[in-house]
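Student: Sequence unavailable; structure follows:
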């Protein structure tokens, strides 16, 4: 009986262990968007201070909303606390994009993408939603911002 | 992927890292076996040692005028939240009602109960109104009010289980459950049901046995050292209040609803669920439901499934304990050990909602000044904001794991003490405990696993 309980406990732990089964999801989530060149890549934070050796990284993510849906499905934008984040949302219809938690709203229109620029100073997972989709009772998720501890 | 968490959740937790999961799991096993070796050989918690607070403090804190003040505050807040929900803006984050119900009422009273005893009973608006009306009616009828009906034993904790389940459906399943108006109307309906039940069975009886939130917070307050007895606030051994719990019909289902609903809320952020939910929703859609109803039904299925899973797992452990002999029926055993699940339920709530309370709780700052969301500034705090840097991810992980392991140890301790009290042969007590240990380890592993899966 004791042995049975022990075996049970061990089995419970082995089956509860994460790792084997979360690989597919990992790959499904896109990691930091490709850094890009062009108008959106801004030079790193001012480097006038003498102390901080490594200036914060700049993370840039592009999201495209077409026909009321996110091209390629909602992504996860992964950054590290302290990163300077740029998110550009292009849309083929007028929209209002809201980053929860950081509480930044930007409007988007055809040819006029919504541009978010902020420093990722709060850790956690935050949703980026389309208010147009939300008001229409549709799935409003545009992307998720994950800010990991540095 | 479906985003369906209610609109109050602006920020959610990161999954605990694998190395921490490993350490926590190992610690749970070590703690369990050390506990079995070092815990006392004679039951200790079955008799309470209650002592009033020194100086007239115990009596003063629970005196009649002070009680009336508590009750009046509770009743006033009930009126304010219903008014705000019905008349205020319908944005769930800019109106006081949703944050008040889902965060301040539902979450903040949990740590308050554990620390300070049954504080909800003092502030309970339904009890205060019921007592007030009863007092006036008694005066008017000159003491000739009909006696309340006897509370049917077979009802037991079933009304509370149903009430907490309904609340979980509002919070986790209903698409518009975070709408201020929905919150206000649900509050009115629940208040009406509560007043009818109090009229039938008596105010104090219904509060003690049937009113869902009174029963819910009372369970957590039993972990506390503070207990009010006969109008006097006093201290007892921590955990001893749980050993004193009278478990009856519906008590095990109530605990299953409590743990199962938090499990489902955690699971709904996990890849396991977010992967399969769209398929289930599509199936319901194909059957002819609207997309929103299909999604709601999917979440209802998930919620019920999680509750049944928790219930089934506990019954399985009880079946094991039954197999060691001792002459107890499985129902008797299930009720004898159900109080050990209360610290587990607390660990689930604490680990899962810790950051929601900490962050969304700050919204009370601006909502108190502008409850209707119409731009008023009653206390000059309507410009305050939520500081999302208050607690970082690392600190959150340690708190979460700490809650889970503490709950595990408390559950084990209670099970140990109860086994010693129940079985006259020490050998049977020990053998039954391996089964309860397996139950605890199972629930604790599930809690850790859910933490490792949050938004993974």
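Tutor: Now that the structure is in, tell me what you want to look at. Everything quoted here is computed from the prediction, not taken from an experiment.
Student: From here on, just use CA atoms for contacts and neighbour counts.
Tutor: Will do.
Student: where in the chain is pLDDT low?
Tutor: Answering for chain A, as no chain was given. Along chain A, segments meeting pLDDT under 70 span A:1-55.
Student: right idea, wrong chain: chain B
Tutor: B:1-7, B:48, B:456.
Student: Those residues of it touching chain A, which are they?
Tutor: B:1-3, B:10-14, B:18, B:25, B:271, B:292, B:388-389, B:392-394, B:431, B:434-435, B:438, B:441-442, B:445-446, B:449, B:452-453, B:455-456 (Cα under 8 Å from any Cα of the partner chain).
Student: Please indicate which of the residues you listed are buried?
Tutor: Neighbour-count burial (16 or more other Cα atoms under 10 Å in any protein chain shown) applied to the residues of chain B next to chain A gives B:1-2, B:10-14, B:25, B:271, B:292, B:388, B:392-393, B:431, B:434-435, B:438, B:441-442, B:445-446, B:449, B:452-453, B:455-456.
Student: Past the host helix or strand of residue B:347, which element shows up next along the chain?
Tutor: According to DSSP states H and E, residue B:347 maps onto helix B:341-360. Sequence-wise, the next helix or strand downstream of helix B:341-360 (DSSP H and E) is helix B:364-369.
Student: Give me the buried positions along the helix or strand just after that following helix.
Tutor: Tracing the chain past helix B:364-369, the next element assigned as helix or strand by DSSP H and E is helix B:393-422. The neighbour-count check on helix B:393-422 (16+ other Cα under 10 Å) flags B:393, B:396-397, B:399-422 as buried.
Student: Can you get me the centre-to-centre distance for stretch B:72-92 and its chain?
Tutor: 22 Å (Cα atoms, centre = their mean, to the nearest Å).
Student: Show me what that stretch is in contact with.
Tutor: Stretch B:72-92 is contacted from outside by B:7-8, B:95-100, B:123-126, B:128-129, B:178-185, B:187-188, B:371-374, using Cα atoms under 8 Å, 6 or more residues apart in numbering or on different chains.
Student: Now a PyMOL select for only the buried ones of those residues.
Tutor: Buried residues within the contacts of stretch B:72-92, by 16+ other Cα under 10 Å, are selected in PyMOL with:
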select buried, chain B and resi 7+8+95+96+97+98+99+100+123+124+125+126+128+129+178+179+180+181+182+183+184+187+371+372+373
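Student: circling back: got the angle between the helix holding residue B:347 and helix B:393-422?
Tutor: Going by axes from the mean of the first three to the mean of the last three Cα atoms, to 10 degrees, helix B:341-360 is angled at 160 degrees with respect to helix B:393-422.
Student: Point out the other helices and strands that helix B:341-360 packs with.
Tutor: With contacts taken as 3 or more Cα pairs under 8 Å, 6 or more residues apart in numbering or on different chains; DSSP states H and E, helix B:341-360 sits against strand B:11-12, helix B:212-221, helix B:251-267, helix B:393-422, helix B:426-453.
Student: would JSON lines of those with distance to residue B:31 be doable?
Tutor: Listed next are these as JSON lines, based on distance: least, Cα to Cα, whole Å:
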{"stretch": "strand B:11-12", "distance to residue B:31": "30"}
{"stretch": "helix B:212-221", "distance to residue B:31": "23"}
{"stretch": "helix B:251-267", "distance to residue B:31": "22"}
{"stretch": "helix B:393-422", "distance to residue B:31": "7"}
{"stretch": "helix B:426-453", "distance to residue B:31": "11"}
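Student: wait, which of those is closest to residue B:70?
Tutor: Nearest of these to residue B:70, taken as Cα to Cα: helix B:212-221 at 15.0 Å.
Student: And stretch B:131-143, what's buried?
Tutor: B:131, B:134.
Student: coming back round to it: please flag which of the contacts of stretch B:72-92 sit within helices.
Tutor: Members of the contacts of stretch B:72-92 lying in helices (criterion: DSSP state H): B:96-99, B:123, B:125-126, B:128-129, B:180-185, B:187-188.
Student: Please list the outside residues in contact with the stretch of helix or strand residue B:190 belongs to.
Tutor: Taking DSSP H and E as the criterion, residue B:190 maps to helix B:180-201. Residues outside helix B:180-201 that contact it (Cα under 8 Å, 6+ apart): B:81-86, B:88-92, B:95-98, B:101, B:126, B:130, B:148-151, B:176-177, B:204-207, B:211.
Student: If any of those residues are buried, put those into a ChimeraX selection.
Tutor: Selection of the buried residues among those in ChimeraX, burial being defined by 16+ other Cα under 10 Å:
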select /B:81,82,83,84,85,86,88,89,90,91,92,95,96,97,98,101,126,130,176,177,205,206,207,211
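Student: Sort out for me which of the contacts of helix B:180-201 are in strands.
Tutor: When the contacts of helix B:180-201 are checked against strands (DSSP state E), there are no matches.
Student: what does stretch B:149-169 rub up against?
Tutor: By Cα under 8 Å, 6+ apart, the residues outside stretch B:149-169 that reach it are B:200-202, B:205, B:209-213, B:215-216, B:248-251, B:253-255, B:257-258, B:261, B:300, B:303.
Student: Ignore what I typed, I meant stretch B:421-431.
Tutor: A:1-2, B:42-43, B:46, B:321, B:324-326, B:419-420.
Student: now with 10 Å?
Tutor: A:1-2, A:5, B:36, B:41-46, B:320-321, B:323-328, B:333, B:336, B:415-420, B:432-433 (Cα atoms under 10 Å, 6 or more residues apart in numbering or on different chains).
Student: residue contacts, the closest residue in space to residue B:399 that isn't next to it in sequence?
Tutor: Spatially, and ignoring its direct neighbours in sequence, residue B:399 is nearest to residue B:351 (7.3 Å; Cα to Cα, 6 or more residues apart in numbering or on different chains). Counting by Cα under 10 Å, 6+ apart, residue B:351 makes contact with B:262, B:266, B:345, B:396-404, B:447-448, B:450-451.
Student: just the residues you listed now: which is nearest residue B:367?
Tutor: residue B:396 (25.3 Å).
Student: Would you agree the closest one is in contact with residue B:13?
Tutor: Yes: in this structure residue B:396 lies within contact range of residue B:13 using Cα atoms under 10 Å: 8.2 Å.
Student: which residues do those two both contact?
Tutor: A:124, B:354-355.
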